[in-house]
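**Q** Here is a sequence with its predicted model. Questions after.
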Amino acid sequence: MDEKYLIEGLKNKNRVVFDFVFHYYYSGLCAYAEKIIGDTKIVEDIVQDLFVKLWVKNQEISINSNLKSYLFSAVKNRSLDLLKHEKIKKKSLKVLKDKEKSNHFEEFWFAESELSRIIYESIKKLPPRCGEIFKLSRFEGVKNQQIADQLGISKRTVELQISNALKALRKDLKPYLPIFLLSILFP
Amino acid sequence: MARQNKKEFNKEIECLLPPYFQGILPEGDIKKIEHWKSLSVENEQIFTNSMKAWEGTEHLKRMYNYNVAKALSKVNIRLKKSGKQRMASFLQKAAAILILPFIISTLYLGIQSNTDQIAQDISWHTIKTPVGIRSEYLLPDGTKVYLNSKSSLSYPTNFSGQSRKVALNGEAYFEVAENKNNPFIVNTGKIQIEVTGTTFKASNYPEEKLTEIVLVSGKVNLFQGEDFKLNESLSSLNPGERASYYEDENKIYVDKVNVQKYISWKDGILMFRDDSMKEIVRRLNRWFNVDIQLKGRELTDYVYTATFEDESLNQILELLKISAPIDYSISRREKRADNTFSKMEVVITRL
């Protein structure tokens, strides 16, 4: 992705470029910070602060080549700083150390449109029923029993379909989500 | 036989994985998974990859919880407070609308009988905008009209009198001068709009077989036929509402919309809010007077949110390219026999 145009635009305070970058990355950056911090409350402040700084200090900021890695690293550092601060209060330094040691957070460097494209393209390949059930369950939070009632099938079939979908997804998503630690998943 | 059993067993375990990741699997079944995992490296791998995929969907769900538009408006407020930088830049880029001189009301004066006021043949002025150009006019009664590209507006020469009737082809934004006694009536062909003093936009691009009215402030009544008093109102709108009349169905739908999106063109701003690729192409075609074609049906799935002020078509296409797996090619304009040029053609393809 050639981001020169975007980076130039940000440096020149081009409002269109700023809005575009904001729309493109905002939710991805928030979800990423949420992943690190494990809390949703301060996440939006962190990301919004970053964008305000990006605009106000446009001249001082040096984005060498990759805007995406600049934004995600900045959010990562801010999030870890915040955790450090918190952890001193809570004295559970071990988890933090694990987190700091790992660079595996990079696995979550996704803009919403990027991740949803990968996932939906995989879901699209499923048999329509199967995809529909998976979407209802995962993204619309419908309980298995409700899905079964709604579609007039057994709960067991619903469970089977969801696991079939997951099976297909795990094969398709493999190249995108290569490595990350269990400790991050279940902190 | 043993192979078959193994396959069955794997299938059973895979069925347990989703509830396991959801954290709703009973203790006994969790032990089953642990045991299965320890049986082979292959199983371990399946488990890890499944978990990644599950976490991928979880991560996407996390993103869905954030409201980008709300966040951006918060940031905008902070930026305005933090200094005038953003405002200055905004002014620099102030809309480049081409303002044509106000039409002098005697310009196209038709033949008018001096004495016979009963004459039924009303002569009309017509103001027109060429493709790709937007302009602003002041009507004799003080009503301000912004005409979008490729549109025309006609009004009778005796406009300032009892009736304030205009006929619209294309798209316009009206700031109607208030006059309770003489309602202002816009004839869009299929639908008539009656107002006293209000701001709204109306459009009826014939090739789309759709008439659209979006009300910014005040109130409008929609009706069909010649005379409002004789016809029952089809619908009336409140501020923030849009009426869409589909010719094919002969029906009016009213819904609430983001008004700004529909009227920003008058300030030279091209605004997309969760709009489909198809809609974007439709508006870019009109805006830049080009002919963009979409190749590949899946392209229509992408939704965009963006605001463009003075970007060129090339810059906009570059931005679209960055945010979706598309590419585009532009064909040269060709000189026709009569020395005019063909429209620029752009083809957007899926990668």
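**A** Done, it's in. Numbering: from 1, shown residues only, chains lettered A, B, ... in the order given.
**Q** can you pull the contacts of the residue nearest to A:Asn164 when sequence neighbours are not counted?
**A** Spatially, and ignoring its direct neighbours in sequence, A:Asn164 is nearest to A:Cys130 (5.6 Å; CB to CB, 6 or more residues apart in numbering or on different chains). (Glycine included, C-beta is placed from N, CA and C.) Neighbouring residues of A:Cys130 by CB atoms under 8 Å, 6 or more residues apart in numbering or on different chains: A:161, A:164-165.
**Q** and chain A, what are its domains?
**A** Domain ranges of chain A: A:4-110, A:112-173, per automatic domain parsing.
**Q** who does B:Met271 bridge with?
**A** For B:Met271, the beta-bridge partners are B:Thr307 (DSSP bridges).
**Q** Give me the neighbour count for it.
**A** Around B:Met271 there are 19 other residues, counting by other CB atoms under 10 Å in any protein chain shown.
**Q** any idea how far A:Lys155 lies from chain B?
**A** Noted for A:Lys155: a distance of 11 Å to chain B, by CB to the nearest CB, to the nearest Å.
**Q** Let me see the mean pLDDT of stretch B:269-285.
**A** Average pLDDT, stretch B:269-285: 82.
**Q** how far is it from where the chain is centred?
**A** Taking the mean of its C-alpha atoms, stretch B:269-285 sits 5 Å from the chain's own mean (CA atoms, centre = their mean, to the nearest Å).
**Q** circling back to that earlier point, secondary structure element for the residue nearest to A:Asn164?
**A** Using DSSP states H and E, A:Cys130 falls within helix A:128-139.
**Q** In the chain, where is pLDDT below threshold?
**A** As the question left the chain open, I've gone with chain A. The model of chain A has pLDDT under 70 over residues A:1-2, A:65, A:87-105, A:176-187.
**Q** could you do chain B instead?
**A** Applying pLDDT under 70 to chain B flags the ranges B:1-4, B:82-122, B:160-162, B:226-232, B:297-302, B:323-324.
**Q** Give me the longest strand you can find in it.
**A** Assignment by DSSP state E gives strand B:164-175 as the longest strand of chain B.
**Q** partner strands of that strand, parallel or antiparallel?
**A** Strand B:164-175 has these strand partners (DSSP bridges): strand B:144-147 (antiparallel), strand B:152-156 (antiparallel), strand B:184-187 (parallel), strand B:199-204 (antiparallel).
**Q** Helix or strand next in line after the third one, which one?
**A** Proceeding N to C from strand B:184-187, the next assigned helix or strand is strand B:192-195, under DSSP H and E.
**Q** What helices and strands are in contact with that next one?
**A** strand B:184-187, strand B:220-223 (3 or more CB pairs under 8 Å, 6 or more residues apart in numbering or on different chains; DSSP states H and E).
**Q** what's it in contact with?
**A** B:174, B:176, B:183-186, B:200, B:202, B:213, B:218-225, B:228.
**Q** So the helix or strand hosting A:Leu29, near chain B or not?
**A** Using DSSP H and E, A:Leu29 sits in helix A:15-37. Yes - counting by CB under 8 Å from any CB of the partner chain, chain B has neighbours in helix A:15-37: A:15-16, A:19-20, A:22-24, A:26-28, A:30-31, A:34-35.
**Q** Tell me which helix or strand B:Asn158 sits in.
**A** Element membership for B:Asn158 (DSSP H and E) is empty, with no helix or strand holding it.
**Q** picking up where we left off before, quick one: buried residues of the helix holding A:Leu29?
**A** The neighbour-count check on helix A:15-37 (16 or more other CB atoms under 10 Å in any protein chain shown) flags A:15-37 as buried.
**Q** Tell me which residue of chain A is furthest from the middle?
**A** A:Gly152 (34.5 Å; CA atoms, centre = their mean).
**Q** can you list the domains in chain B?
**A** Domain ranges of chain B: B:2-64, B:67-92, B:124-261, B:269-350, per automatic domain parsing.
**Q** possible to save the ones you listed as a markdown table with distance to A:Ile123?
**A** Shown next, in a markdown table, are the domains of chain B (distance: least, CB to CB, whole Å):
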| stretch | distance to A:Ile123 |
| --- | --- |
| domain B:2-64 | 9 |
| domain B:67-92 | 23 |
| domain B:124-261 | 29 |
| domain B:269-350 | 12 |
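**Q** Tell me which of these is the most buried.
**A** For those, the largest average neighbour count (mean count of other CB atoms under 10 Å in any protein chain shown) is found in domain B:124-261, namely a mean of 17.
**Q** Between the two ends of that domain, how far is it?
**A** 32 Å (CA to CA, to the nearest Å).
**Q** for stretch B:153-164, same thing?
**A** Stretch B:153-164: ends 13 Å apart by CA to CA.
**Q** who are the neighbours in contact with A:Val16?
**A** Residues near A:Val16 by CB under 8 Å, 6+ apart: A:9, B:306-309, B:311.
**Q** Is the closest residue to A:Ile42 other than its chain neighbours inside a helix or a strand, and which specific one?
**A** The spatially closest residue to A:Ile42, leaving aside those adjacent along the chain, is A:Leu82, at 6.6 Å (CB to CB, 6+ apart). Assigned by DSSP H and E, A:Leu82 belongs to helix A:67-90.
**Q** Tell me the gap between that helix and the middle of its chain.
**A** 15 Å.
**Q** by how many degrees do it and helix A:15-37 diverge?
**A** Using axes from the mean of the first three to the mean of the last three CA atoms, to 10 degrees, one finds that helix A:67-90 and helix A:15-37 are set 40 degrees apart in direction.
**Q** so what secondary structure elements neighbour helix A:67-90?
**A** Against helix A:67-90 (3+ CB pairs under 8 Å, 6+ apart) you get helix A:4-11, helix A:15-37, helix A:43-56, helix A:93-101.
**Q** For my notes, please list those helices in JSON lines and give distance to B:Met63 for each entry.
**A** What follows is the helices and strands packed on helix A:67-90, written out as JSON lines (distance: least, CB to CB, whole Å):
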{"stretch": "helix A:4-11", "distance to B:Met63": "20"}
{"stretch": "helix A:15-37", "distance to B:Met63": "4"}
{"stretch": "helix A:43-56", "distance to B:Met63": "11"}
{"stretch": "helix A:93-101", "distance to B:Met63": "21"}
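**Q** picking up where we left off before, between the strands paired with strand B:164-175, which one is nearest to B:Thr48?
**A** Closest of the strands paired with strand B:164-175 to B:Thr48 is strand B:199-204, at 54.9 Å (criterion: CB to CB).
**Q** List every C-alpha atom in the closest one, with coordinates, as CSV.
**A** Below are the C-alpha coordinates for strand B:199-204, written out as CSV (Å, rounded to 0.1, in the frame of the first residue of the first chain):
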residue,chain,number,x,y,z
THR,B,199,-34.8,25.4,2.9
PHE,B,200,-34.7,22.1,1.1
LYS,B,201,-33.1,20.3,-1.8
ALA,B,202,-34.9,18.5,-4.6
SER,B,203,-33.8,16.3,-7.4
ASN,B,204,-35.3,14.4,-10.3
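**Q** contact partners of it?
**A** B:148, B:168-176, B:186, B:188-191, B:193, B:210-218, B:220, B:237, B:262-263, B:266.
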